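Asker: let's see this in three dimensions:
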Amino acid sequence: MQLSPEEKSNRYYTFLLILAILIIASTLRSPMTSVGPLVPFIREDLQISNSTVGLLNTLPLIAFGLFSPFVPRLSRKYGMEVTLMLAMVILSFGIFIRSTGSVSFLLTGTVLLGIGIAVGNVLMPGLIKMSFPYRIGLMTGIYSVSMNVFGALASGISVPVASSSMFSWQSALQLWGILSVVAIIVLLMRLPAILSEDKKVPGKVNNQPSSALFKSKIAWAVTLYMGFQSFIPYSIFTWLPDMMLEKGFDATEAGWFMAIYQAGLIPATFIVPMIAAKMHNQRMLALLSGVLLFTGLLGTSLSSSYFILVFLILTGMGAGTTFSLAMMFFVLRTRTVTESAQLSGMAQSVGYLIAATGPILLGTVAQWTNGWTVPFMILMGVATCIALFGLVAGQNKLVIADPKG
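Answerer: Next comes the predicted model:
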């Protein structure tokens, strides 16, 4: 059967939308996971303290928290995909100036890329819900896998690139700007569909008052679950290489260990959304995520041999499960795209401000205590909180009750 020109056009633009989702997802972790393995290079070259190093992953989280509430409003005015395209421009610029080699540009670029990533974090769950309402689990899984595959790759190859005679740590950071530039190109190719009034997938979200969210126990449980689940990976992205160096591993091994930790996320981020979408409630899955994190962190803190890789994978599986559930809660606990975007904005705003305390807190505590034992205990305490808040967020309830009853 031959397709009509309109059907061919719809398929083409749908393919570009899927491609855009995959590429944008690839930009949401890699600019941050590339930093941790390069900390020894950056610290030595720029002569900065652990507290300043902690800012490299704390500043983006603060940007996430402060900027996230404004994202639905921007999306309402310009549309989701145009807002995402502008975010990719800001992200590309932030990555470029971060890598110019001075402390001031390093921190300024870090804030800018945090703003760009914040837009993607908030809008992507709503875009998936609106664009693929019957494939939410699958598309969330694909989105999460893309994010974590490139996040793992960024961790693994950063040190080899920085150590190469042809490149430097600046080159290793700039490399990930290629992805955001490609995302801009794909979104530009979608412009005819984006600007068309009768396009198949609308891109605007009504920004109705959401004060009811702040009175919802479920919304706050989702928000705190989101915050604590972000606290652990962003702390690990910053400090795992240093933790591994203290255990006697070298810088290249430490970078690949972080890649292996993130490889543990990948199966969970693909499978968990599809499982969660079919469950009556997600309470046991949320509890399991906290248990996996606690067990993995405990083993990682105690092991100094290559057996530590097993515990890093366990930690990654727990982190992948928590992240996937957090993304699914934005969809499963809401009735409309508007509510989904607003819950995402609330959870990521408050949640990322909680997570922002992680990198700088752990770095400072490690400096005070001259080791990583106490920071590991803090992370295990956070894993316990994840399990508890997950039991509440996992209930089969909506953040705002259906007015029809």
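
Asker: all contacts plus neighbour counts: C-alpha atoms, from now on.
Answerer: Fine.

Asker: what is the subsequent helix or strand relative to the biggest helix by length in the chain?
Answerer: Using DSSP state H to define each element, the chain has its longest helix at helix 337-369. With elements assigned by DSSP states H and E, the helix or strand that comes after helix 337-369 is helix 373-393.

Asker: list the buried residues of that following helix.
Answerer: 374-376, 379-380, 382-393 (16 or more other C-alpha atoms under 10 Å).

Asker: and stretch 238-247, by the same measure?
Answerer: Neighbour-count burial for stretch 238-247 flags Thr238, Trp239, Leu240, Pro241, Asp242, Met243, Met244, Leu245 (criterion: 16+ other C-alpha under 10 Å).

Asker: helices - which of those residues land there?
Answerer: Checked against DSSP H, these include these in helices: Thr238, Trp239, Leu240, Pro241, Asp242, Met243, Met244, Leu245.

Asker: need the residues you listed in CSV with distance to Arg76, can you?
Answerer: What follows is these, written out as CSV (distance: C-alpha to C-alpha, whole Å):
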residue, distance to Arg76
Thr238, 34
Trp239, 38
Leu240, 39
Pro241, 41
Asp242, 43
Met243, 44
Met244, 45
Leu245, 47
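
Asker: quick check, nearest of the residues you listed to Leu191?
Answerer: Minimum distance to Leu191 across these is 37.0 Å, recorded for Thr238 (C-alpha to C-alpha).

Asker: the closest residue to that closest one other than its chain neighbours: how many residues sit nearby?
Answerer: The shortest distance from Thr238 to any non-neighbouring residue, by C-alpha to C-alpha, 6 or more residues apart in numbering, is to Gly36 (4.4 Å). A count of neighbours around Gly36, defined by other C-alpha atoms under 10 Å, yields 29.

Asker: quick one: the strands in the stretch 151-300 of the chain?
Answerer: In the stretch 151-300 of the chain, no segments count as strands under DSSP state E, counting those that start in this stretch.

Asker: count the neighbours of Ser164 for me.
Answerer: The number of residues packed near Ser164 is 11, by other C-alpha under 10 Å.

Asker: swap in Ala268?
Answerer: When neighbours are counted by other C-alpha under 10 Å, Ala268 registers 24.

Asker: dump the residue contacts of it.
Answerer: Ala268 is in contact with Met317, Gly318, Gly320, Thr321, Ser324, counting by C-alpha atoms under 8 Å, 6 or more residues apart in numbering.

Asker: and if you look at Phe231?
Answerer: Phe231 makes contacts with Tyr352, Ile354, Ala355, Ala356, Thr357, Gly358, Val382, as judged by C-alpha under 8 Å, 6+ apart.

Asker: again, only using 10 Å
Answerer: Listed by C-alpha atoms under 10 Å, 6 or more residues apart in numbering, the contact set of Phe231 reads 61, 225, 351-359, 379, 382-383.

Asker: now do Gly345
Answerer: Going by C-alpha under 10 Å, 6+ apart, Gly345 touches 64-65, 67-72, 118-119, 121-123, 223, 330, 339, 351.

Asker: sorry, back to before: how far does the longest helix of the chain sit from its chain's centre?
Answerer: Relative to its chain's centre, helix 337-369 lies at 11 Å (C-alpha atoms, centre = their mean, to the nearest Å).

Asker: buried residues in that helix, which are they?
Answerer: Neighbour counts over helix 337-369 (16+ other C-alpha under 10 Å) mark 337-366 as buried.

Asker: what do you get for stretch 135-155?
Answerer: Going by neighbour count (16+ other C-alpha under 10 Å), the buried part of stretch 135-155 is 136-155.

Asker: in helices, which of these appear?
Answerer: Among the buried residues of stretch 135-155, the members found in helices (DSSP H) are 136-155.

Asker: restricted to helices, list the contacts of Ala268.
Answerer: Met317, Gly318, Gly320, Thr321, Ser324.

Asker: now those: which count as buried?
Answerer: Buried among the ones in helices among the contacts of Ala268 by 16+ other C-alpha under 10 Å: Met317, Gly318, Gly320, Thr321, Ser324.

Asker: and these, which is closest to Ala87?
Answerer: Distance to Ala87, by C-alpha to C-alpha, is smallest for Ser324 among these, at 22.5 Å.

Asker: so who does that closest one touch?
Answerer: Per C-alpha under 10 Å, 6+ apart, neighbours of Ser324: 137, 140-141, 143-145, 265, 268-274, 276, 318.

Asker: ok, those residues vs Ile18, which is closest?
Answerer: Tyr143 (9.2 Å).

Asker: I'd say that closest one and Ile18 touch.
Answerer: Yes: if you go by C-alpha atoms under 10 Å, Tyr143 and Ile18 touch, sitting 9.2 Å apart.
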